[in-house]
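J.: Sequence and predicted model, in that order:
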Amino acid sequence: MARVTIEDCLKNVDNRFTLVHLAAKRVRQVREGAELLVKSSKNEDVVTVLREIAAGRVIAKKQEKQEDE
């Protein structure tokens, strides 16, 4: 994959809002020492994380709505 695009990522994520939050959380994990899930040569953390999302290696879990009791 020469370039990663938002459209590549949106195939695996519901919407752009979820994509931003998922990418931000994953970048924090990587910067704190988590292992990369795809090969990265000289890319910035954000680009590498977007490649992980586009490759389907990082997935957002859907939260179930909580009922008020």
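T.: Yep, it's here.

J.: Not counting its neighbours along the chain, what's nearest G56?
T.: N12 (5.2 Å; Cβ to Cβ, 6 or more residues apart in numbering). C-beta coordinates here come from the backbone N, C-alpha and C atoms, glycine included.

J.: The one you found against E52, yeah?
T.: No. Under the criterion of Cβ atoms under 8 Å, N12 makes no contact with E52, lying 9.9 Å away.

J.: So the two - more neighbours on which side?
T.: Applying other Cβ atoms under 10 Å to N12 and E52 shows that E52 carries more neighbours, namely 23 against 17.

J.: buried sites along the helix or strand containing that one?
T.: Taking DSSP states H and E as the criterion, E52 maps to helix 45-54. Of the residues in helix 45-54, those scored as buried under the neighbour-count criterion (16 or more other Cβ atoms under 10 Å) are D45, T48, V49, L50, R51, E52, I53, A54.

J.: What is the nearest of these to R26?
T.: Nearest to R26, judged by Cβ to Cβ, of those is V49 at 4.6 Å.

J.: contacting residues around the spatially closest residue to that closest one that is not a sequence neighbour?
T.: Counting by Cβ to Cβ, 6+ apart, R26 is the residue found nearest to V49 once chain neighbours are left out, at 4.6 Å. With contact set as Cβ atoms under 8 Å, 6 or more residues apart in numbering, R26 has these partners: V49, E52, I53, V58.

J.: one more time with 10 Å
T.: R26 makes contacts with 34, 36-37, 45-46, 48-50, 52-53, 57-58, 60, as judged by Cβ atoms under 10 Å, 6 or more residues apart in numbering.

J.: can you put those in CSV and add distance to H21 and pLDDT?
T.: Formatted as CSV, these follow (distance: Cβ to Cβ, whole Å; pLDDT from 0 to 100):
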residue, distance to H21, pLDDT
A34, 17, 94
L36, 20, 92
L37, 18, 92
D45, 16, 92
V46, 13, 93
T48, 17, 93
V49, 12, 94
L50, 13, 94
E52, 15, 94
I53, 11, 95
R57, 17, 93
V58, 12, 91
A60, 8, 82
